[in-house]
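**Student:** requesting a structural model of the entry that follows:
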Amino acid sequence: MERDGASGSTDDVASLADAEASGVADDVAGSADADRRDAVGVGPYPEPWPDDPLLDPELLAAGDRRNVSDEYRYWRLEAIVADLDTRRHDFHVGIENWAHDLNIGNVVRTANAFLAQEVHIVGRRRWNRRGAMVTDRYQHIRHHADIADLAEWAAAENLPIIAIDNFPGAVPLETVVLPRRCVLLFGQEGPGLSDAACAAATMVCSIAQFGSTRSINAAVAAGVAMHTWIRQHAAL
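**Tutor:** Have a look, this model is predicted:
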């Protein structure tokens, strides 16, 4: 296993190329429309500039159109990550990556929104970053070659693995109090969690559904589970 920096830039050169190919559009809301991009964020900071080491001179000069909350406007990327690190939550997010699922980027973006401790990519090193909208730069990401490697790491950290999938015999998520320290593990769109993932989990939880569809989108399921943890444990 290997932990990447919060920027995710060392994970895979090809993956970074995917992210960069999406350009500023991904960084400011995923829009390809230049006029819309210009409306996002803030323009150049009026001079004289504040004497603050948290701020990035290039952003002060050019404006800050990044996909960040207003409190972080003009901040250096490293300063944002350092600030987030002071208050990250105690849950981790694991994602199986066997088929370059488009949903993985969306899961990473949601993990960033809910301030997960780390995101663990299990399987293929290269993953589809487009849905992350560059939020992976602010999120610690660790790679595991397989489920056994993730399980070994989690055991060493005393973190139970809570798998999320609508398998027969799964415990309804709505009835469970999630452990404060845990790994929420998700499969990919279509096949869901692997047999090895379910075997490594302390518990498998399902999400209640009431319509005709067999399953909900993998990224949506991840968001529901993360928000369940937030409702139970986060200081709101």
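**Student:** where's residue 48 relative to residue 197, distance?
**Tutor:** According to CB to CB, to the nearest Å, residue 48 stands 55 Å off from residue 197. Heads up, the C-betas are built off the backbone N, CA and C, glycines and all.
**Student:** for residue 204, that is, sorry about that
**Tutor:** With CB to CB as the criterion, residue 204 and residue 197 are 9 Å apart.
**Student:** what sits in contact with each of the two?
**Tutor:** residue 163 (CB atoms under 8 Å, 6 or more residues apart in numbering).
**Student:** the closest residue to residue 160 other than its chain neighbours: neighbour count?
**Tutor:** Spatial nearest neighbour of residue 160, excluding adjacent residues (CB to CB, 6 or more residues apart in numbering): residue 202 at 3.9 Å. Residue 202 is flanked by 14 other residues according to other CB atoms under 10 Å.
**Student:** contacts for the longest strand that the chain contains next, please.
**Tutor:** The residue-count maximum for a strand in the chain (DSSP state E) belongs to strand 91-97. The set of residues external to strand 91-97 that reach it, using CB under 8 Å, 6+ apart, is 104, 107-108, 111, 116-124, 127, 144, 147, 150, 154, 159, 161, 178, 180-188, 193-194, 197, 222, 226, 229, 233.
**Student:** what's the answer for stretch 222-232, then?
**Tutor:** Residues outside stretch 222-232 that contact it (CB under 8 Å, 6+ apart) are 89, 91, 93, 95, 103, 106-107, 110-111, 114, 116, 162, 164, 173-174, 177-178, 182, 184, 186, 205, 207, 216, 236.
**Student:** any buried residues in it, and which?
**Tutor:** Using 16 or more other CB atoms under 10 Å as the test for burial, stretch 222-232 gives 222, 223, 224, 225, 226, 228, 229, 230.
**Student:** got the domain ranges for this protein?
**Tutor:** Segmentation of the chain into domains, based on automatic domain parsing, reads 2-14+85-233, 24-76.
**Student:** residues near the residue lying closest to residue 193 once chain neighbours are set aside, how many?
**Tutor:** If the residues on either side of it in the chain are set aside, residue 193 comes closest to residue 187, at 3.6 Å by CB to CB, 6+ apart. Counted with other CB under 10 Å, the neighbours of residue 187 add up to 26.
**Student:** next one: residue 184
**Tutor:** Residue 184 has 25 neighbouring residues, counting by other CB under 10 Å.
**Student:** roughly how far does it sit from residue 58?
**Tutor:** Computed with CB to CB, the distance linking residue 184 and residue 58 is 36 Å.
**Student:** again, but for residue 134
**Tutor:** As judged by CB to CB, residue 134 and residue 58 stand 16 Å apart.
**Student:** out of the two, which sits in the more crowded spot?
**Tutor:** Set residue 134 next to residue 58 and count neighbours by other CB under 10 Å: residue 134 wins out with 25 against 11.
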